[in-house]
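**Q** need coordinates for the below:
(2 chains)
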2 protein chains.
Amino acid sequence: MNDFMKMFSLTKPIIQAPMAGGIIKPRLAAAVSEYGALGSLASGYLTPQVLEDQIKEMFELTEGSFQVNLFVPADNGTPNDEDVQHWKQNLPLCDKASPFTVIKEEWDDFYAKIELILQCGVKYCSFTFDLPPEDAVKELKKAGCGLIGTASSVEEAILMEERGMDAVVLQGSEAGGHRGSFLKSKGESSIGLMALIPQTTDVINIPVIAAGGIMDYRGVKAALTLGAQGVQVGTAFLICHESYAHPAYKQKIISENETTTRLTKLFSGKEARGIVNKWMEDKKLDEVRSLPYPYQNTLTKPMRQQAALQNDPEQMSLWAGQGIRSLNKETSVKELLDKLCQENITV
Amino acid sequence: MNDFMKMFSLTKPIIQAPMAGGIIKPRLAAAVSEYGALGSLASGYLTPQVLEDQIKEMFELTEGSFQVNLFVPADNGTPNDEDVQHWKQNLPLCDKASPFTVIKEEWDDFYAKIELILQCGVKYCSFTFDLPPEDAVKELKKAGCGLIGTASSVEEAILMEERGMDAVVLQGSEAGGHRGSFLKSKGESSIGLMALIPQTTDVINIPVIAAGGIMDYRGVKAALTLGAQGVQVGTAFLICHESYAHPAYKQKIISENETTTRLTKLFSGKEARGIVNKWMEDKKLDEVRSLPYPYQNTLTKPMRQQAALQNDPEQMSLWAGQGIRSLNKETSVKELLDKLCQENITV
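**A** All right, here's what the predicted structure looks like:
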């Protein structure tokens, strides 16, 4: 049992990735917690009220460890009119009247969720998209809450340690879904785990959790060999029976392979890895016109909702990591965790 | 000792990457062979005559195993006039008179080098940039030569096995220098090793050698844990005393980090990972205008040569992988190999 497992009261060095958008609900997260790994609720895109219901349900379903993940609101700039007009003309399903320049005050939600976490006595909390603000960190730590940051480079991991995080999820280039990068870099900010883990564990002292492309015990063992103390798994949980991912999305994950994903801003305005579909192909040259997050996300929402209703994966966001060739059928959460923990993992 | 080590008569599961361009000469490759790892001569950009001299020197310097690497010529198309004119106007050092439409017949060289390998009794041979042609494979195998292909996806690795390769180097997205990809893919063809190795070893039977971002024994152990039988290391050899890399290039590798490299076609027309410099930044928007390989390479040669004479790294190609934060000083080949083999590597 390493520091990470002790700190988060786990018997398995695995975190189920907090995937936002209604896919992960308590029935999946609680199954993970029951196994001895860290189940995760994703509060992104949820109202505080819905989050409260989910937290209460978690406490009913399990006595195991679980965390709540929060998006840290970040100012990514406002869209320029030309790009907004471009999309209004080129996106059939976009709500032509929607006010792109007025976005809900996300910080209100953020602090409401922090309050909720404190009130409900949630023990662990993680952050994505930026450094969590100092006042929130202070409050949570005072209450004894264990904190996890997300980083995609060594520099970001150092800042997370300095901000008082108890552990940091290191997101490799292999990872599906949104990039957690928050610092500008001269080159690519997507680094493969094989290079990223040892370079990071050489310079920080908090436990590192590796995320990206890991599908079974080989990846878990390799990550621990490189210096990580745990592994975060996302894509593989999406196709579990307990996941609420759309059936057409699950089918895509099962049928595609390692060379059919790429990073795109076309769905949300923030870089994310997903399976290439018609929307991504058709609008390839408009990549640079993507509005800053979360505007592009608001913009494409009607299209994505309609696609879901029509079982059409070609206009859904199909977030997935580079390990999907290994995913060939739906399993239960327990079967997946058995595969991840198949060998006694000791390093 | 695994199959790969047996087949290639090695006591260490390490290949020194065959890096072309005059950087690796027999003194470095032979030091690797003497250690019990696989030293490599890179025949790319060398005339058959120079290659012959190098092979003879290798046989004088070592009785250990070494290979000769060959670029497999591939038809990447011819440049369009508009792009050629664009570069002639925007690249001060380009030879305005040089005939971009007439390129030396590369296949002549390829078969001359195959002949040389057979005549000199070189025992091992590897290929980059495409499947080696069947006739060459047949000749080399008849002579008992051990063959290694290069792949960057599972599909490419399968084709290499079918073509009769004895082992395959699997190039992860972390790797520096030119991508060995030769199949078009729907998404990104750069896959992180953490995802790429297990997906590949699940479906092919020849030994897999992992390449990309590996700097010490942790990466070697992790790669073997994931199913590889060996590791190929490039960037770390560049800063060895025995390397002929330009001092300004070595200094860049030592001072930069994991977020300051990216893939570019601006130097050669073929995607390659290098440290971002002024040339890459200034011509960022012209990336799409890069002429097909090897035309862009010919085009930028005078600029690169002049930059080397002036000790100016801002216009050299600074190929490097994503592990460079770990490289802090020049070492000897022996010290580097000690670091890679520090622990008894058994899986």
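**Q** residue A:126 belongs to a strand?
**A** Yes - in this structure, residue A:126 lies within a strand as judged by DSSP: H, G, I helix; E, B strand; the rest coil.
**Q** which parts of the stretch 51-200 of chain A are helices?
**A** With helices called from DSSP state H, counting those that start in this stretch, the stretch 51-200 of chain A shows them at A:81-90, A:106-120, A:134-142, A:154-162, A:193-201.
**Q** ok, which of these comes nearest chain B?
**A** The minimum distance between chain B and the helices of the stretch 51-200 of chain A falls on helix A:193-201, with 3.0 Å, by Cβ to the nearest Cβ. C-beta here means a position set from N, CA and C on the backbone, and glycine is covered the same way.
**Q** so after that closest one, what's the next helix or strand?
**A** For helix A:193-201, the following helix or strand on the C-terminal side (DSSP states H and E) is strand A:208-211.
**Q** for that following strand, which strands pair with it and how are they oriented?
**A** Sheet pairing here is set by DSSP bridges, and for strand A:208-211 it gives strand A:167-171 (parallel), strand A:230-233 (parallel).
**Q** any idea of the mean pLDDT for the shortest one?
**A** The one in question is strand A:230-233. The average pLDDT within strand A:230-233 is 98.
**Q** just the C-alphas of the following helix or strand past it, formatted as PDB.
**A** Next in sequence after strand A:230-233, counting helices and strands by DSSP H and E, comes helix A:235-238. Provided in PDB are the C-alpha atoms of helix A:235-238 (Å, rounded to 0.1, in the frame of the first residue of the first chain):
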ATOM      1  CA  THR A 235     -12.600   5.300 -21.700                       C
ATOM      2  CA  ALA A 236     -12.800   1.700 -20.500                       C
ATOM      3  CA  PHE A 237     -15.500   2.700 -17.900                       C
ATOM      4  CA  LEU A 238     -17.600   4.300 -20.700                       C
END
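**Q** outside of helix A:235-238, which residues touch it?
**A** Applying Cβ atoms under 8 Å, 6 or more residues apart in numbering or on different chains, the set of residues contacting helix A:235-238 from outside is A:16-17, A:19, A:23-24, A:28, A:32, A:176, A:215, A:243, A:245, A:249-250, A:253, A:319-321, A:323-324, A:327, A:333, A:336, A:340.
**Q** quick check, distance from that helix to the centre of its chain.
**A** Going by Cα atoms, centre = their mean, to the nearest Å, the spacing between the C-alpha centre of helix A:235-238 and its chain's C-alpha centre is 11 Å.
**Q** show me what from the stretch 51-200 of chain A comes close to chain B.
**A** A:153-155, A:172-174, A:183, A:185-196, A:198-199 (Cβ under 8 Å from any Cβ of the partner chain).
**Q** out of those residues, which are buried?
**A** Buried residues within those, defined by neighbour count using 16 or more other Cβ atoms under 10 Å in any protein chain shown: A:153-155, A:172-174, A:185-196, A:198-199.
**Q** show me where the stretch 151-300 of chain A has strands.
**A** For the stretch 151-300 of chain A, the strands identified by DSSP state E, counting those that start in this stretch occupy A:167-171, A:177-178, A:208-211, A:230-233, A:261-264, A:272-275, in order along the chain.
**Q** can you put the ones you listed in TSV and add mean neighbour count?
**A** Rendered in TSV, the data for these read as follows (neighbours: other Cβ atoms under 10 Å in any protein chain shown):
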stretch	mean neighbour count
strand A:167-171	29
strand A:177-178	24
strand A:208-211	29
strand A:230-233	27
strand A:261-264	22
strand A:272-275	24
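**Q** how about those, which one is nearest residue B:127?
**A** Residue B:127 lies closest to strand A:261-264 among the strands of the stretch 151-300 of chain A, at 26.9 Å (Cβ to Cβ).
**Q** which elements pack onto the closest one?
**A** Under the contact criterion of 3 or more Cβ pairs under 8 Å, 6 or more residues apart in numbering or on different chains; DSSP states H and E, the helices and strands touching strand A:261-264 comprise strand A:272-275.
**Q** identify each buried residue in the helix or strand of chain A with the lowest mean pLDDT, please.
**A** One helix or strand of chain A scores below all others by mean pLDDT, DSSP states H and E: helix A:81-90, with a mean of 90. Along helix A:81-90, the positions that meet the burial threshold by neighbour count (16+ other Cβ under 10 Å) are A:83, A:84, A:87.
**Q** how about stretch A:69-85?
**A** Using 16+ other Cβ under 10 Å, the residues of stretch A:69-85 that count as buried are A:69, A:70, A:71, A:72, A:73, A:79, A:83, A:84.
**Q** and the residue lying closest to the fourth one once chain neighbours are set aside, what does it touch?
**A** Of all residues beyond its chain neighbours, the one nearest residue A:72 is residue A:130 (4.0 Å), with distances taken as Cβ to Cβ, 6 or more residues apart in numbering or on different chains. The neighbours of residue A:130, taking Cβ under 8 Å, 6+ apart as the test, are A:72, A:73, A:74, A:182.
**Q** how about the helices of the stretch 51-200 of chain A, which one is nearest residue A:266?
**A** Taking Cβ to Cβ as the criterion, residue A:266 comes closest to helix A:81-90 out of those, the separation being 10.2 Å.
**Q** export the closest one as PDB, just CAs?
**A** Listed in PDB are the C-alpha atoms of helix A:81-90, where the atom choice follows Å, rounded to 0.1, in the frame of the first residue of the first chain:
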ATOM      1  CA  ASP A  81     -18.400  38.400 -34.000                       C
ATOM      2  CA  GLU A  82     -17.000  37.100 -37.300                       C
ATOM      3  CA  ASP A  83     -16.600  33.600 -36.000                       C
ATOM      4  CA  VAL A  84     -20.000  33.700 -34.300                       C
ATOM      5  CA  GLN A  85     -21.600  34.700 -37.600                       C
ATOM      6  CA  HIS A  86     -19.600  32.000 -39.400                       C
ATOM      7  CA  TRP A  87     -21.000  29.300 -37.100                       C
ATOM      8  CA  LYS A  88     -24.600  30.700 -37.200                       C
ATOM      9  CA  GLN A  89     -24.400  30.300 -40.900                       C
ATOM     10  CA  ASN A  90     -22.700  26.900 -41.100                       C
END
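**Q** coming back round to it: could you dump the helices of the stretch 51-200 of chain A into CSV with distance to residue B:111 added?
**A** Below are the helices of the stretch 51-200 of chain A laid out as CSV (distance: least, Cβ to Cβ, whole Å):
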stretch, distance to residue B:111
helix A:81-90, 52
helix A:106-120, 64
helix A:134-142, 65
helix A:154-162, 46
helix A:193-201, 36
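**Q** of those helices, which approaches residue B:42 most closely?
**A** Closest of the helices of the stretch 51-200 of chain A to residue B:42 is helix A:193-201, at 22.5 Å (criterion: Cβ to Cβ).
**Q** dump stretch A:273-290 to PDB, restricted to CA.
**A** Included here for stretch A:273-290 are C-alpha records, laid out as PDB according to Å, rounded to 0.1, in the frame of the first residue of the first chain:
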ATOM      1  CA  ARG A 273      -9.400  13.700 -27.900                       C
ATOM      2  CA  GLY A 274     -12.300  12.000 -29.600                       C
ATOM      3  CA  ILE A 275     -13.000   9.500 -32.300                       C
ATOM      4  CA  VAL A 276     -13.000  11.200 -35.700                       C
ATOM      5  CA  ASN A 277     -16.600  11.500 -37.100                       C
ATOM      6  CA  LYS A 278     -18.400  13.500 -39.800                       C
ATOM      7  CA  TRP A 279     -18.600  16.700 -37.800                       C
ATOM      8  CA  MET A 280     -14.800  16.700 -37.200                       C
ATOM      9  CA  GLU A 281     -14.000  15.800 -40.800                       C
ATOM     10  CA  ASP A 282     -16.400  18.300 -42.400                       C
ATOM     11  CA  LYS A 283     -15.300  21.200 -40.200                       C
ATOM     12  CA  LYS A 284     -11.600  20.300 -40.200                       C
ATOM     13  CA  LEU A 285     -10.600  23.600 -41.800                       C
ATOM     14  CA  ASP A 286     -12.800  25.600 -39.300                       C
ATOM     15  CA  GLU A 287     -10.900  24.200 -36.300                       C
ATOM     16  CA  VAL A 288      -9.200  27.600 -35.900                       C
ATOM     17  CA  ARG A 289     -12.600  29.300 -35.900                       C
ATOM     18  CA  SER A 290     -13.700  27.400 -32.800                       C
END
